[in-house]
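# Take a look and give me a structure for this.
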Amino acid sequence: MKRKISLGTDEIDKLVKDIEDYQDSLNRRCVYFLELLAEEGITVAERRKGNWSSLVFTKTIRQTATGASGTMDGYGQVQIVQWQTLSGIRSEELSPILMAEFGSGQYASDARNRANKSYAPIVGAGRGTFPNQTHANEDSWSWMDLNGNWHTSSGLRPTMPMYYAARKMRAQIRRIGRRAFRT
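Below is the predicted model of the structure:
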């Protein structure tokens, strides 16, 4: 913002008001920018839920004294999975967001060299991290459900909703910035 003014009181008062209006506008535009950016990420994440329909993606944006801050989050209610073993029924907690993001078994991100593999150990996910696991390095395993039916799995392929949401958001920063801050 460039202005030429004279040193009269009225001119200076008007300039101060213009600067304050610009500051308010800038803060609102920062909020709008983060809203648009988070929406872009949520759209991608929603498309990449895979079989995890319980996943929810949200945004939290707030104005700050210097602009705005925000987050885009993904979460799913922890599920209790149960199956039969020789010694009885076994139960464990399963995180839908971690399964969607990092997969399991031979398809786990850190086992398949996927783009998000370096994040798996940071959040405690990846091959071999299922609680009390016994088949971590097997390419497939079988288990009996509570009805006595046998199932075989080789793991779950990750759909990586948060990884692809973040990637899309980074790729769209300039386009969304131009839209949010155009005057």
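# Need the three-state assignment for residue 90.
For residue 90, the secondary structure call by DSSP: H, G, I helix; E, B strand; the rest coil comes out as strand.
# before we move on, what about residue 57?
strand.
# again with residue 74
Going by three-state DSSP: residue 74 is strand.
# what's across from it in the sheet?
residue 57 (DSSP bridges).
# Report how many residues lie close to it.
The burial count assigned to residue 74 is 22, neighbours taken as other CB atoms under 10 Å. For the C-beta atoms, the positions are set from N, CA and C on the backbone; glycine is no exception.
# residue nearest the centroid of the protein?
residue 162 (3.4 Å; CA atoms, centre = their mean).
# check contacts around it.
Counting by CB atoms under 8 Å, 6 or more residues apart in numbering, residue 162 touches 45, 74, 97, 101.
# in what helix or strand does it lie?
helix 161-171 (DSSP states H and E).
# Please tell me the pLDDT value assigned to the residue nearest to the centre of the chain.
Reported pLDDT at residue 162 in the predicted model: 96.
# Tell me how far it lies from residue 74.
5 Å (CB to CB, to the nearest Å).
# what sits in contact with each of these two?
Joint contacts of residue 162 and residue 74 (CB under 8 Å, 6+ apart) are 45, 97, 101.
# circling back: as PDB, could you dump the C-alpha coordinates of the helix holding residue 162?
The C-alpha coordinates for helix 161-171 follow below in PDB (Å, rounded to 0.1, in the frame of the first residue of the first chain):
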ATOM      1  CA  PRO A 161      -5.900 -39.300   3.200                       C
ATOM      2  CA  MET A 162      -3.800 -36.900   5.300                       C
ATOM      3  CA  TYR A 163      -0.700 -37.300   3.300                       C
ATOM      4  CA  TYR A 164      -2.500 -36.500   0.000                       C
ATOM      5  CA  ALA A 165      -4.500 -33.700   1.600                       C
ATOM      6  CA  ALA A 166      -1.300 -32.000   2.800                       C
ATOM      7  CA  ARG A 167       0.300 -32.500  -0.600                       C
ATOM      8  CA  LYS A 168      -2.700 -31.000  -2.400                       C
ATOM      9  CA  MET A 169      -2.700 -28.000   0.000                       C
ATOM     10  CA  ARG A 170       0.900 -27.300  -0.500                       C
ATOM     11  CA  ALA A 171       0.400 -27.500  -4.300                       C
END
